[in-house]
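Engineer: no sequence on this one, just coordinates:
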Ligand code: ATP
Ligand code: MG
């Protein structure tokens, strides 16, 4: 009996990057790597799986991520593991484990890779998505906050998406001023208990600031009239915030103060920021971060001032597609060998050409056919040049070059002089 087998598909909210899309991914990744180099950040790579406890302790128990978004399961040994929902926790764990922050050692680190959250998939929101994370340790002043924002601005400019993004900043103050504010907030929301939704009621005492982050439209009026944290922060945090604004102005980076940014994670203090867009519906934040001076200590590391951000690559990519819709893979050359002699040697001839032009993107045609037919294939490939090798070229160690995208007449050159025509590519 023949069994019918269900067709397998990717897990919900987890996408394949098919060849059509990989050029845009590579473009954005290459720009990120270059910008990281511009600011002398070094890469750190940490495992995708971590102990569940790490996220509970760092992100906070009463957060969307820990309460309902984590992919958590026991391993064969019964230990609870979690697919990382964000990168800061693992980065900080690794820094402590390898003593990278000993003696107030400064570190500027970045990482890029998949994160996992059990969310309702929609445009710009997936269950597996890629984040760039950037973290600086043991830089207490506001200048590093400003420099990270300059780094973001440089990246947007390189990608050509700067006109679609707005920077919003806020300050959460220090822990004592935040605690005093939380009391005020609890009083305010308690006196409006009948207007709170279920989520907010649950958060009222455990994490009242998270109520401010609610996306529920029916809650917005109540939230708008709530006390403002920025008006209650301590003097040192106020000075830090003013320093940041001075730097941003001097750098010519436009920003708006949004007193409602509280961030979804528990560990932030002082500076918080988001780069937002109005082009992606409710998935408006492309990049978000801030200071988290207490996290390293909370995870049993040395007291370490810390600031960082995470950028969602899929969202940046959606903006990139609006700005540069025609990013796709192209090859430089399409190699055609005509006749049995050239065909028999084409792999070797192709290697000789690659030796001459190290960055060449060349497709060697491995079938045979008429020249007219092969030119059609070369044209369709998107290549700039068709390279043709027949009996005569084999005899002279030469190659003929047809310019597929210009009127320039065909030329024949020695293989070891091909660079003079193709340039550096
Ligand atoms: P949101 O409010 O959109 O849920 P968040 O506050 O949960 O975002 P962060 O934890 O700050 O997001 O993550 C930083 C960035 O990572 C976001 O600004 C966004 O660009 C991206 N991001 C977060 N969650 C997702 C997701 N599920 N799919 C795609 N990108 C995401
Ligand atoms: Mg979220």
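Structural biologist: Perfect, I can see it now. All figures in this text were calculated on a predicted structure; none of them were measured in a lab. Ligands and ions are numbered 1, 2, ... in the order given.

Engineer: need the longest helix for this protein.
Structural biologist: As assigned by DSSP state H, the longest helix anywhere in the chain is helix 19-38.

Engineer: in that one, what counts as buried?
Structural biologist: 21, 24, 25, 27, 28, 31, 32, 35, 36 (16 or more other CB atoms under 10 Å). C-betas here are computed from N, CA, C, even on glycine.

Engineer: please tell me how far the fifth one sits from residue 198.
Structural biologist: When distances are taken as CB to CB, to the nearest Å, residue 28 and residue 198 turn out to be 39 Å apart.

Engineer: and for the nearest residue to residue 281 once chain neighbours are set aside, the neighbour number?
Structural biologist: Closest residue in space to residue 281, ignoring its immediate chain neighbours: residue 123 at 6.7 Å, by CB to CB, 6 or more residues apart in numbering. Number of residues near residue 123 (other CB atoms under 10 Å) recorded here: 12.

Engineer: quick one on the thing from earlier: what does the longest helix of the chain rub up against?
Structural biologist: Residues outside helix 19-38 that contact it (CB atoms under 8 Å, 6 or more residues apart in numbering): 17, 42-43, 110, 112, 132, 134, 151, 154-155, 158-159, 313, 316-317, 320-321, 327-329.

Engineer: next: stretch 397-412.
Structural biologist: 334, 349, 353, 375, 378-379, 383-390, 392-393, 413-416, 418, 421-422.

Engineer: picking that back up, beyond the longest helix of the chain, next helix or strand please.
Structural biologist: Where DSSP states H and E defines the elements, the next helix or strand beyond helix 19-38 is strand 42-43.

Engineer: neighbouring strands of whichever helix or strand comes after that following strand in the sheet, and parallel or not?
Structural biologist: Per DSSP H and E, the first helix or strand lying C-terminal to strand 42-43 is strand 49-51. Applying DSSP bridges, strand 49-51 is found paired with strand 80-83 (antiparallel).

Engineer: ok, and what's touching the strand it pairs with?
Structural biologist: Residues from elsewhere that reach strand 80-83 (CB under 8 Å, 6+ apart): 48-55, 70-75, 116.

Engineer: apply 6 Å and report the result again.
Structural biologist: Contact with strand 80-83 is made by 49, 52, 55, 70, 71, 72, 74, 75, 116, as judged by CB atoms under 6 Å, 6 or more residues apart in numbering.

Engineer: ok, residues contacting the helix or strand that it is followed by?
Structural biologist: Next along the chain after strand 80-83, taking DSSP H and E as the criterion, comes helix 88-97. Helix 88-97 is contacted by residues 44, 46, 50, 54-55, 58, 84, 101, 135, 295-296, 299, 301 when judged by CB under 6 Å, 6+ apart.

Engineer: repeat that with 7 Å
Structural biologist: 44, 46-47, 50, 54-55, 58-59, 84, 101, 107, 109, 111, 133, 135, 137, 295-296, 299-301, 308 (CB atoms under 7 Å, 6 or more residues apart in numbering).

Engineer: over to stretch 221-235?
Structural biologist: So stretch 221-235 is contacted by 170-174, 176-177, 180-181, 184-185, 188, 192, 195, 212, 214, 259 (CB under 7 Å, 6+ apart).

Engineer: and it, how far from the chain's centre?
Structural biologist: 31 Å (CA atoms, centre = their mean, to the nearest Å).

Engineer: likewise for stretch 43-63?
Structural biologist: Centre-to-centre, stretch 43-63 and its host chain are 18 Å apart (CA atoms, centre = their mean).

Engineer: ok, it near ligand 1 or not?
Structural biologist: No. Using CB under 6 Å from any ligand atom, stretch 43-63 stays clear of ligand 1, coming no nearer than 8.9 Å.

Engineer: mind checking the end-to-end distance for that stretch?
Structural biologist: End-to-end span of stretch 43-63 (CA to CA, to the nearest Å): 28 Å.

Engineer: flag every buried residue along that stretch.
Structural biologist: 44, 46, 50, 52, 54, 55, 56, 57, 58, 59, 60, 63.

Engineer: equivalent analysis for stretch 395-413, please.
Structural biologist: Residues 398, 399, 400, 401, 402, 404, 413 are the ones in stretch 395-413 that count as buried (16+ other CB under 10 Å).

Engineer: any idea of the mean pLDDT for the helix or strand where the third one lies?
Structural biologist: With elements delineated by DSSP H and E, residue 400 resides in strand 398-403, which encompasses its position. Here strand 398-403 scores 96 as its mean pLDDT.

Engineer: give me the number of residues near the residue of the stretch 251-400 of the chain found nearest ligand 1?
Structural biologist: Nearest residue of the stretch 251-400 of the chain to ligand 1: residue 312, at 2.3 Å (CB to the nearest ligand atom). Under the neighbour criterion other CB under 10 Å, residue 312 is assigned a count of 22.

Engineer: likewise for residue 270?
Structural biologist: So residue 270, with other CB under 10 Å, has 26 neighbours.

Engineer: which strands or helices does the helix or strand of the chain with the lowest mean pLDDT pack on?
Structural biologist: In the chain, the helix or strand scored least confidently by mean pLDDT, DSSP states H and E is helix 64, which has a mean of 86. The contact analysis (3 or more CB pairs under 7 Å, 6 or more residues apart in numbering; DSSP states H and E) places helix 64 against no helix or strand.

Engineer: the stretch 301-425 of the chain: strands as residue ranges?
Structural biologist: Along the stretch 301-425 of the chain, the segments classed as strands by DSSP state E, counting those that start in this stretch run 306-312, 333-337, 362-364, 385-389, 398-403, 411-414.

Engineer: correction: the previous question concerned the stretch 151-300 of the chain.
Structural biologist: Counting by DSSP E, counting those that start in this stretch, the strands of the stretch 151-300 of the chain are 166-171, 256-257, 269-276, 285-291.

Engineer: among those, which is nearest residue 207?
Structural biologist: Checking the strands of the stretch 151-300 of the chain against residue 207 by CB to CB gives strand 269-276 as the closest, at 14.8 Å.

Engineer: tell me what angle the closest one forms with strand 306-312.
Structural biologist: 20 degrees (axes from the mean of the first three to the mean of the last three CA atoms, to 10 degrees).

Engineer: could you name the helices and strands sitting against strand 269-276?
Structural biologist: By 3+ CB pairs under 7 Å, 6+ apart, strand 269-276 packs against helix 142-159, strand 166-171, helix 235-251, strand 285-291.
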